[in-house]
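> Sequence plus predicted model, see below.
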Amino acid sequence: MESKNKELALTLKFKGIEARLLEELVKKGFFSTKSEAIRAALIHYFLELGLLGREQQWKEIQAFPKRKMSQEQLAKDLEKLEDE
């Protein structure tokens, strides 16, 4: 029986538009790391395929460590994005 907290390490290489868009997601602050962006994309894909239910997804999102950001910093970052 597999553990729910199984960890799998992968080395991925991206080039071209995939690499550029992945870096842009992090640069614009949508994700804190490229790994986080890739995990989110996988979750989205699993949902589309019906392999993961919304309730289960929400539980997993809630369990994931959150970035610490003040309301003031969030407001500054959003304003900066709107000015671009």
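Here it is on my side, so go on.
> by contact count, what packs against the top helix by length along the chain?
Determined from DSSP state H, the single longest helix within the chain is helix 34-49. On a contact count with 3 or more Cβ pairs under 8 Å, 6 or more residues apart in numbering; DSSP states H and E, helix 34-49 meets helix 17-27, helix 54-63. Heads up, the C-betas are built off the backbone N, CA and C, glycines and all.
> ranking the ones you listed by burial, who's on top?
Scoring the helices and strands packed on helix 34-49 by mean neighbour count under mean count of other Cβ atoms under 10 Å gives helix 17-27 as the most buried, with a mean of 12.
> Can you tell me which helix or strand of the protein has the lowest average pLDDT?
In the chain, no helix or strand scores lower on mean pLDDT, DSSP states H and E than helix 54-63, which sits at a mean of 77.
> report the angle between the axes of that one and helix 34-49?
Using axes from the mean of the first three to the mean of the last three Cα atoms, to 10 degrees, one finds that helix 54-63 and helix 34-49 are set 170 degrees apart in direction.
> Residues touching helix 54-63, excluding its own?
43, 47 (Cβ atoms under 8 Å, 6 or more residues apart in numbering).
> do stretch 71-82 as well
Around stretch 71-82, the neighbours that count as contacts under Cβ under 8 Å, 6+ apart are 28-29, 69.
> Just among those, which is most surrounded?
residue 29 (14 neighbours; other Cβ atoms under 10 Å).
> what's the pLDDT at it?
Residue 29 is assigned 91 on the pLDDT scale.
> In contact with residue 11: list those residues for me.
Contacts of residue 11 by Cβ under 8 Å, 6+ apart: none found.
> quick one: low-confidence ranges for the chain?
1-5 (pLDDT under 70).
> phi, psi of residue 65?
Residue 65 adopts backbone torsions of phi -60, psi 140, taken as degrees, to the nearest 10.
> And for it, the neighbour number?
With other Cβ under 10 Å as criterion, residue 65 counts 5.
> show me what contacts it?
Per Cβ under 8 Å, 6+ apart, neighbours of residue 65: none.
> closest to residue 35 out of the helices and strands packed on helix 34-49?
helix 17-27 (9.7 Å; Cβ to Cβ).
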